[in-house]
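Enquirer: sequence and predicted model, in that order:
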Amino acid sequence: MKLPFFIETDAKGAEWVVVAYESGDPRMIEVVEKRQNPHVMTAHYMTGLSAEVILAEKTIAQWRAKVDRLSGKLAKEIGEIYDVQIQALLLGIKGILNTKEKGRIGSRISKLKVPSVAKFANVLYTYVLQGFDIGKRSAADELKIDYDKTVPDNIRNTLRAREDAIADRHASDLVYLARITTLDNLYQNVTDKDILKMLMTEFDNFKSKKIPTISRHEPMNAFTIGRSYVADKRIIR
């Protein structure tokens, strides 16, 4: 009785091996026989950059991809907070318009309080700390040194103050947008309902630009700070 048997093979990079020997290209064959990374070596031959530089660029790109994923999560979270904020503003403006005190509408809108400003700042701060941590890890990996997960107090305070300021400015921008949009249309031949629709459109446009910008920039800025912190600390040593 013949027993069945199985053969397992790893065909990773098989197309490169086949092409190398079929074409007879000496550099391709050298890559195969020295077990080098074909993608890195292709980039080396095309650009003239060393394999070490190309590998470093590839590695930093992988770390940046982590920050990009972080940015996507941040955009979702602060987008949800933004929706709560504009709903509150729309409700407040609706109440102001219903009073028919046309002469005081601008000043009353300016006094509206935007909710969840502290929550907006806290979410930003949480994510920029993660961005800073990814930056530190990437630099430690690149420099082949031990990774220290602590965040220095001065860095923590700087990031905290920055995100608080961004959240406050964001709230002020929303109130300003609400005020000018309302006043620009107040004495036109439009209804209060039309004004609220225009506000909703303006708020949606604002969200489509502002939220992605904040979500991309803040974690990446913290990532850069993290890398610089590790590099500067290494130089000082």
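Expert: Sure, I can see it.

Enquirer: ok, residue 147 - contacts?
Expert: 136, 137, 140, 141 (Cβ atoms under 8 Å, 6 or more residues apart in numbering). Yep, even glycine has a C-beta here, placed from its N, CA and C like the rest.

Enquirer: please pick the buried ones from those residues.
Expert: 136, 137, 140 (16 or more other Cβ atoms under 10 Å).

Enquirer: can you name the element that comes right after the worst-scoring helix or strand of the chain on mean pLDDT?
Expert: Counting by mean pLDDT, DSSP states H and E, the chain has its least confident helix or strand at helix 38-47, which shows a mean of 63. With elements assigned by DSSP states H and E, the helix or strand that comes after helix 38-47 is helix 51-99.

Enquirer: give me the buried positions along the helix or strand just after that following helix.
Expert: Once the chain leaves helix 51-99, the next helix or strand it forms, by DSSP H and E, is helix 105-110. Across helix 105-110, burial judged by 16+ other Cβ under 10 Å covers 105, 108, 109.

Enquirer: any idea which of these is least confident?
Expert: Of all the buried residues of helix 105-110, residue 105 carries the smallest pLDDT score, 88.

Enquirer: so what's that one up against?
Expert: Residue 105 neighbours (Cβ under 8 Å, 6+ apart): 96, 97, 182, 183, 186.

Enquirer: as TSV, the buried residues of helix 105-110 with distance to residue 64 would be great.
Expert: Below are the buried residues of helix 105-110 laid out as TSV (distance: Cβ to Cβ, whole Å):
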residue	distance to residue 64
105	47
108	46
109	41
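
Enquirer: just these now: which is nearest residue 195?
Expert: Residue 195 lies nearest to residue 105 out of these, by Cβ to Cβ, at 10.1 Å.

Enquirer: distance of the closest one from residue 96?
Expert: 6 Å (Cβ to Cβ, to the nearest Å).

Enquirer: swap in residue 139?
Expert: 52 Å.

Enquirer: next one: the helix or strand that contains residue 210 to chain centre, how far?
Expert: Following DSSP H and E, one finds residue 210 within helix 192-236. With Cα atoms, centre = their mean, to the nearest Å as the basis, helix 192-236 stands 7 Å off its chain's centre.

Enquirer: other SSEs contacting it?
Expert: helix 51-99, helix 117-143, helix 153-186 (3 or more Cβ pairs under 8 Å, 6 or more residues apart in numbering; DSSP states H and E).

Enquirer: adding mean pLDDT and distance to residue 202, write those helices out as CSV.
Expert: Shown next, in CSV, are those (pLDDT from 0 to 100; distance: least, Cβ to Cβ, whole Å):
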stretch, mean pLDDT, distance to residue 202
helix 51-99, 86, 10
helix 117-143, 93, 19
helix 153-186, 95, 5
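
Enquirer: now, of the ones you listed, which is deepest in the fold?
Expert: helix 117-143 (a mean of 20; mean count of other Cβ atoms under 10 Å).
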